[in-house]
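In: Sequence first, then the predicted structure:
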Amino acid sequence: DTQSADLFETSNNASVLTERAPRGNYIVETRVRVNVPDEGCCFNYVQGGLVIYGDDDNFIKLTTASIWNTRQTEFAKEWFPVPAGYPRYGNTVVGPPGEWTTLRLVRRVTGSGEEYQAYTSRDGRIWERGGVWTHHLGANARIGLVSMGGAGFTTSFDYVRVYTVQH
């Protein structure tokens, strides 16, 4: 069930189901459905999907989300603490969600830290490539699933797969 809770700046009351992430480069993928109606307003911020979780204030998130009268895939980063005047949360969108949407996050370790790239697919064959966030979640990062942003709906996960990637 979706929770009336969130992971966003100072609102850190959402539950996150986690498991330890592999070291090095990896891919995490899930097929997800959130039963928010296809049309209509306003089921704001109801969402379900993946999180690469350092803690409540440091994570990468890829979810299917309802925002006002839109349905989208949100690819977001939260980082804290930040220098004065810097935003601590940023987001972008990837491809459009379907009834079921496959979400894929690719982690690459680079000389300057960690890069996370998002991909989405409505059919599991044709992929939309999204942006890249950099972060420093470190060796204790966890792979997580979330179902949050408002009560009254259900997030279903068909599978969760994790692959390690060699250079």
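Out: Cool, got the structure.

In: drop to CA atoms for contacts and neighbour counts, all remaining ones
Out: Will do.

In: Can you tell me which helix or strand of this structure has the lowest average pLDDT?
Out: Of all helical and strand segments in the chain, the minimum by mean pLDDT, DSSP states H and E falls on strand 11-12, at a mean of 94.

In: Show me what that strand is in contact with.
Out: Under the criterion C-alpha atoms under 8 Å, 6 or more residues apart in numbering, residues 5-6, 56-57 lie in contact with strand 11-12.

In: which residues of this protein fall in strands?
Out: Taking DSSP state E as the criterion, the chain contains strands spanning 7-8, 11-12, 17-20, 26-34, 46-55, 58-67, 70-78, 89-93, 101-110, 113-121, 128-135, 142-148, 155-164.

In: Alpha carbons only: can I get the third one in PDB?
Out: Yep, that's strand 17-20 we're talking about. Extracted C-alpha coordinates of strand 17-20, given in PDB (Å, rounded to 0.1, in the frame of the first residue of the first chain):
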ATOM      1  CA  LEU A  17      12.500  -1.700   2.100                       C
ATOM      2  CA  THR A  18      16.200  -2.200   1.600                       C
ATOM      3  CA  GLU A  19      19.000  -4.700   0.900                       C
ATOM      4  CA  ARG A  20      22.700  -4.100   0.700                       C
END
